[in-house]
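# Would you be able to build a 3D model of this:
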Amino acid sequence: MYAHSTSAHIPQPPHSAGLAYKGPATLGLRAAIDPHQIPSPIEVVEADRETWEGKMYMTLPGSHVPLSTTDYVAFDQGNSTPKFIRVSTWNLPSSSRLASECGIPIAAVIHPFADLDPREDTVPLVDTGSVGPARCVKCRAYVNPWCTWISGGAKWACNLCQHENEVASEYFCNLDANLMRLDHLQRPELNKGTVDFVVPEEYWASHPPPRIKPMYQPIASLPQAEKRNPQTMDYVFVIDVSVDALSSGFTEQASRSLIRMLYGDETGETFIPPCIPPQSRICIMTFDSTVHFYDISPHLERASMFVVADVEDMFVPLSNGLFVYPAGSQTVIQNLLTTLPVQHAETAAYDSALCAAIIGSMGALVGRGGQVVVFAATLPTINPGALKPRDDESLFYDTEKELQLYQPRNETWDEIGQQCAEEGIGVSMFLGMNKPIDIATVGRVASASGGELFFHPRFSPKKDNRALESQLRRLLTRVTVYNCSLRVRCSSGLRVSQQYGNFYENSASDLQFGTLDADKGICVTLSHRHTLDERQYAFLQSAVLYTTVDGQRRVRTCNLALQVVTLAGNVFRFADLDTTVSHMLREAISKMTSQKIAYIQEELTEKCSAILLGYRRNCAAATAPSQLVIPEAFRALPVFTLAMMKSKPLKARNVSSDVRNYWVHKFMGMGVQSIMHHLYPRLLALHDLDDQIALPKPDFAEIELPSLMRNSHLFMTGNGVYLIDNEEMEILWIGQSVSPQILTDLLGVDDVSAVDRDMTALPLLATTLSAQVHNILASRLARRGREPKFAIARQNLDGLEVEFSDMLVEDQNNGALSYLDYLCIVHKQISTVLTTGASLSSSSSFRGSIW
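As a prediction, this is how the structure comes out:
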């Protein structure tokens, strides 16, 4: 780890106001703790990285699991890799009483299509023919490595419910002396934790029942068959051509980016390949106060436009030429997208029929499913789904009306999202507005259908072009499946009590997604039905039924066997901080529509204190109450709890409802690694890089990345250059007294005042420092698949310094305490409970206090 001077640290940069510590002077806590001695999350991350560097993680139960922030290689031994499924403790408490005493929520985060390391084996594909995968008759679990074989191979016992099932004659195989099937090694489903099954017709998606009052007239008569024949995934692109979208350049930028995604780009230094699968078809729609469909048949010289003016009675006005293969209609599509801004400049309206346009796209895809990508810049003002601008939001904060800011104002949007999920249609939206667009309402379609929101407020083509195009490329190239249904099953002594994520939960408690992709995860909370046997494993199995982009129906199963323990010490020993934090954040966010943010923050602190108190009571009872004791697995829990309270959805200061609701959507669907990087952004001291770091070496396939530093101004100096990255934005902070040589090597200028504050990417220069930084950024791009926005913040010169400073979560900012002061508060809570016997949740002395 690099050394950073603390004797000459900078004063805290401009930031949103925080809270000062106001504890009684008699406590003596504030002055007694050295900021450099409190638990460091970076030490935890770096220690884990060193532990797993060059090693392979074997997934059998009983070993410590790498952190989600560590780049490790896993070998599937019958347990799914933690990249697919993580749990809050890898040693499950045997009873609900033990779980309550520990305070650790029993939760799992499931990320079924997460990207794997190139060095790891791909998920095996198993085709069992018309018979389909073997399943338990009682609980419907799928056969997996933890099932046992009995009766000479004629039966198998389900590991979840212990029911004995007959083996189909086509699947029968004799057993060896160890009661293992002779074909065990040849069947991936019997030795791999994660497997894809090709499934027969009985698993095809069903058509939703007809609505009493349908929202649209479909493109053609609906098929009479009960099941939906799997087909290749089609795409619908819907572009806003209203006055605001045209004047901001959003329409033009969306059109340009779409052309590059459809046909690639050979004009730059490197060839950018097309992003749409060649077997998929596309449809293009536009909208302002009316909705426009286009015939883009290959034989036409130019696209023909069909206008639907009565948007409250939406229908699809054509069938032939609506969907085409991009390669066959390249000339027509390029001409259409290139001329869109000019074509609509004279006739564009100020009003927006966004809701009707989405309904129209749903009508185009009904009966088959697919993906809709919407580019919108204007608040929808025309029915269906019309909205009015909100009143002054500042009047709502800290009142009972605050909850209205996070609830949809029009039920039509919820209904559209549910219908999309049922029809197998995922809706993703690029929002490039200059005025509030009410994401709490509009975003419901993306959240319920498994889509994604991309947020570009006050859109500027120069500033946002690079990020928008990178996001669109990631959207179209990442692993994406559609017509999805997910269910989590567990051992008979456990049950799934809560489920969090971006999905629609139907009446059968299955989670339905129009689309599900490599960046999406869900979280489930588990509870005990009865006491578990510590001599047996406890099991989890998630099963996702889906259709691939090329039209094959499959089931992906992720299986996990967990040890059961009766001692609290063993529960804490194998606890997982990353999963616990991810669950706490999702649970807190889910309460925003029913509780004020101030109360949610109190509950977060109480949950953090409860976990540390559980360890103190059960594993370190002999220590004095005045001593702060934190378990090894949760050393960074207080700072991550504070980071949750400083996050955009939950921070105490005024934040626009669109920003809060955008981040609610993002966090609810993120994987564990992304959540950890968002809450505690990665901070690098670029001026302090070792000469050999982040440069290719002949004996190593990958470059060695530098160590990170703690997120506080106390570890920064005025002569430094720092890069902070929270996955959504990268900010380069430049100190006023930085060396001209560093500026020259990194930016090509020798004075701080000469730095272009509007640059959207670092220049590539023929210097060692420039090569190092570009290698670091390229490594991050390869892992997350997209570029975040980039900005410059010069010390005491640029307004973005406030955004940079607010990312320093250990400082006093974002309407909350500093990490040091917050740790004192948590310590005081625990100490008070230990000395007085009070309860964390019931003691009135804690309510209304600073925390």
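
# pLDDT score for residue 217?
If you check residue 217, the pLDDT there is 69.

# any idea which strand is longest in the chain?
strand 553-565 (DSSP state E).

# mind listing what the nearest residue to residue 581 once chain neighbours are set aside touches?
Spatially, and ignoring its direct neighbours in sequence, residue 581 is nearest to residue 640 (4.7 Å; CB to CB, 6 or more residues apart in numbering). In short, each C-beta sits where N, CA and C put it, glycine included. For residue 640, the contact set (CB atoms under 8 Å, 6 or more residues apart in numbering) comprises 41, 577, 581, 676, 679-680.

# For residue 648, state which of the residues you listed is nearest.
residue 679 (10.7 Å; CB to CB).

# Run a quick neighbour tally on the closest one.
22 (other CB atoms under 10 Å).

# got the contact list for it?
581, 585, 640, 643-644, 647, 809.

# Provide the contact partners of the strand or helix carrying residue 664 at residue level.
Applying DSSP states H and E as the criterion places residue 664 in helix 657-669. Identification of contacts with helix 657-669 by CB under 8 Å, 6+ apart yields 390, 393, 405-406, 431, 436-440, 443, 446-447, 452-453, 455, 457, 500-502, 519-522, 585-586, 589-590, 592, 647-649, 675, 678, 728.

# before we move on, the earlier item: in its sheet, what does the longest strand of the chain sit against?
strand 91-93 (parallel), strand 194-198 (antiparallel), strand 538-547 (antiparallel) (DSSP bridges).

# Pick the most buried one from those.
Ranked by mean neighbour count, the strands paired with strand 553-565 are led by strand 91-93 with a mean of 26 (mean count of other CB atoms under 10 Å).

# Please put the alpha-carbon coordinates of the helix ranked longest in the chain into PDB.
With secondary structure taken from DSSP state H, the chain has its longest helix at helix 597-619. C-alpha atoms of helix 597-619 as PDB (Å, rounded to 0.1, in the frame of the first residue of the first chain):
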ATOM      1  CA  ILE A 597     -35.800   8.700   5.600                       C
ATOM      2  CA  ALA A 598     -34.900   9.900   9.100                       C
ATOM      3  CA  TYR A 599     -36.500   6.700  10.600                       C
ATOM      4  CA  ILE A 600     -34.800   4.500   8.000                       C
ATOM      5  CA  GLN A 601     -31.400   5.900   8.900                       C
ATOM      6  CA  GLU A 602     -32.100   5.200  12.600                       C
ATOM      7  CA  GLU A 603     -33.000   1.600  11.700                       C
ATOM      8  CA  LEU A 604     -29.800   1.200   9.700                       C
ATOM      9  CA  THR A 605     -27.700   2.300  12.700                       C
ATOM     10  CA  GLU A 606     -29.600   0.000  15.000                       C
ATOM     11  CA  LYS A 607     -29.100  -3.000  12.700                       C
ATOM     12  CA  CYS A 608     -25.300  -2.200  12.500                       C
ATOM     13  CA  SER A 609     -25.200  -1.900  16.300                       C
ATOM     14  CA  ALA A 610     -27.200  -5.100  16.700                       C
ATOM     15  CA  ILE A 611     -24.700  -7.200  14.700                       C
ATOM     16  CA  LEU A 612     -21.700  -5.800  16.600                       C
ATOM     17  CA  LEU A 613     -23.700  -6.300  19.900                       C
ATOM     18  CA  GLY A 614     -24.500  -9.900  19.000                       C
ATOM     19  CA  TYR A 615     -20.800 -10.600  18.500                       C
ATOM     20  CA  ARG A 616     -19.900  -8.800  21.800                       C
ATOM     21  CA  ARG A 617     -22.500 -10.700  23.800                       C
ATOM     22  CA  ASN A 618     -21.800 -14.200  22.300                       C
ATOM     23  CA  CYS A 619     -18.100 -14.100  21.400                       C
END
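
# Now do it against helix 657-669, angle only.
Counting by axes from the mean of the first three to the mean of the last three CA atoms, to 10 degrees, helix 597-619 lies at 30 degrees to helix 657-669.

# Next secondary structure element downstream of helix 597-619?
That would be, after helix 597-619 and using DSSP H and E, helix 637-646.

# So what's the gap between that following helix and the chain middle?
18 Å (CA atoms, centre = their mean, to the nearest Å).

# repeat for stretch 312-327
On CA atoms, centre = their mean, the centre of stretch 312-327 falls 32 Å from that of its chain.

# cool, stretch 672-689 as well?
16 Å.

# Show me what counts as buried in it.
Using 16 or more other CB atoms under 10 Å as the test for burial, stretch 672-689 gives 672-689.

# Check the gap between residue 387 and residue 409 for me.
To residue 409, residue 387 is 6 Å away according to CB to CB, to the nearest Å.

# hmm, I was thinking of residue 707
47 Å.

# can you tell me which residues contact residue 689?
2, 706, 769, 772-773.

# out of these, which are inside strands?
Per DSSP E, the subset of the contacts of residue 689 in strands is empty.

# which of these count as buried?
For the contacts of residue 689, buried by 16+ other CB under 10 Å: 706, 769, 772-773.

# how about those residues, which pair is most distant?
706 and 769 (11.9 Å).

# Name the residues of the longest helix of the chain that are buried.
Buried, per 16+ other CB under 10 Å, within helix 597-619: 597, 600-602, 604-619.

# Pull the distance from that helix to the chain's centre.
For helix 597-619, the distance to the chain centre is 25 Å (CA atoms, centre = their mean).

# for that helix, packing partners?
helix 96-102, helix 568-573, helix 577-590, helix 637-646, helix 819-836 (3 or more CB pairs under 8 Å, 6 or more residues apart in numbering; DSSP states H and E).
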